[in-house]
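Student: 3D model of this:
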Amino acid sequence: MINVDKVYKSVLLILNKEQRGYLTPDQFNKIARQVQLELLESAYYKYNKELVKKKSGVINSDYADLSKVEKEKIDIFAKTQTLTLTSGTTSLPADMYRLVNLTVSNTTDQVEEVTKSDWNYITASKLTAPSAKYPIYYRQVDEIKVFPNTLTSLSVDYVKTPSDPVWAYSVNTSANNMYIYEPTATGAGIVPNTGSNNFELHPSEETSLIINILAYTGVTIKDPAVAQAAMAQRGYIDKLEN
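Tutor: Predicted coordinates for the structure are as follows:
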């Protein structure tokens with residue numbers, strides 16, 4: 001977890017130091033959600049890149065094993081859930097970001113993914129027809145179709161969509177309408193009334209998080225210098241990682 005108040009105040013501190021304007025809590029919350037998703041997606045890309053390096057013997061193990069570091073960033077969002085099948089059909093978890101693996105419940109039998117066109121060919125042939133031991137599935141948006149349809153439940157491993165980071169606040173009308181951070185309070189007078197929510201990212205992402213938020217902030221407050229400075233810093237970090 002990364003504290004949402006710490007990140008917001010860091011962003012404001014940098015903007016104030018450079019006298020570059022102000023980012024409202026509502027603007028921050030919208031940018032924060034986008035950046036958190038981007039950093040999760042970036043972890044996939046970096047993980048794949050580091051795996052290639054590791055297999056080629058370019059990097060060592062232990063502390064130099066960056067593929068392990070990137071995997072840890074993704075594993076924070078890993079979940080397992082049981083899916084109940086009805087006539088071979090079931091809905092995928094509503095919070096699913098990426099599907100990792102499907103197995104038949106209480107077994108290690110994996111369910112193989114096929115395309116819709118392959119599905120028709122495979123299920124029509126007696127020679128290639130799937131069985132309870134070797135089932136198949138194809139995906140349609142947020143649901144899957146499984147064959148054979150005699151299966152009743154599956155276990156799905158997936159990466160969930162991060163919960164939206166939120167800096168909730170109340171307004172102090174007696175002090176120039178100052179925003180007051182509300183870490184736990186909810187209800188009337190709190191915006192949004194669901195309360196605050198921290199970033200779910202790995203702690204090592206804090207610097208990248210602040211830099212990327214500043215890059216978007218420069219666009220939001222229409223100050224190219226902020227965006228350019230943040231992009232330059234992000235480019236420097238990317239260069240070190242490569």
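Student: Quick check: next helix or strand after the longest helix anywhere in the chain?
Tutor: The single longest helix within the chain, with elements called by DSSP state H, is helix 25-55. Next along the chain after helix 25-55, taking DSSP states H and E as the criterion, comes helix 66-75.
Student: for that next one, which positions count as buried?
Tutor: Residues 66-67, 69-71, 73-74 are the ones in helix 66-75 that count as buried (16 or more other Cβ atoms under 10 Å). For glycine as for every other residue, the C-beta is placed from the backbone atoms N, C-alpha and C.
Student: So which bits of stretch 71-88 are buried?
Tutor: Neighbour-count burial for stretch 71-88 [16+ other Cβ under 10 Å]: 71, 73-74, 76-77, 83, 85, 88.
Student: Distance from the chain centre to it, please.
Tutor: Put simply, stretch 71-88 sits 14 Å off its chain's centre (Cα atoms, centre = their mean, to the nearest Å).
Student: what about it, how long is it end to end?
Tutor: The stretch stretch 71-88 measures 32 Å between its terminal residues, going by Cα to Cα, to the nearest Å.
Student: who's in contact with it?
Tutor: Contacts with stretch 71-88, where a contact means Cβ atoms under 8 Å, 6 or more residues apart in numbering, come from 39-40, 43-44, 47, 90-93, 95, 97, 100, 105, 145-149, 151-162, 200-202, 204-205.
Student: at 6 Å instead, please
Tutor: 43, 47, 90, 93, 145-146, 149, 151-160, 202 (Cβ atoms under 6 Å, 6 or more residues apart in numbering).
Student: Check stretch 103-117 too.
Tutor: Under Cβ under 6 Å, 6+ apart, the answer for stretch 103-117 is 102, 133, 135-138, 153-155.
Student: thinking again about what came up before, and the buried residues of stretch 71-88, which two are the farthest apart?
Tutor: For those, the farthest-apart pair by Cβ to Cβ is Lys73 and Gly88; their separation is 35.2 Å.
Student: For Ala188, which three-state class applies?
Tutor: When classified by DSSP: H, G, I helix; E, B strand; the rest coil, Ala188 comes out as coil.
Student: which regions of this protein sit below the pLDDT cut-off?
Tutor: In the predicted model of the chain, residues 17-21, 54-65, 219-242 satisfy pLDDT under 70.
Student: What helix or strand is the residue lying farthest from the centre of the chain located in?
Tutor: Of all residues in the chain, Lys126 has its C-alpha farthest from the mean position, at 41.4 Å, by Cα atoms, centre = their mean. Under DSSP H and E, no helix or strand contains Lys126.
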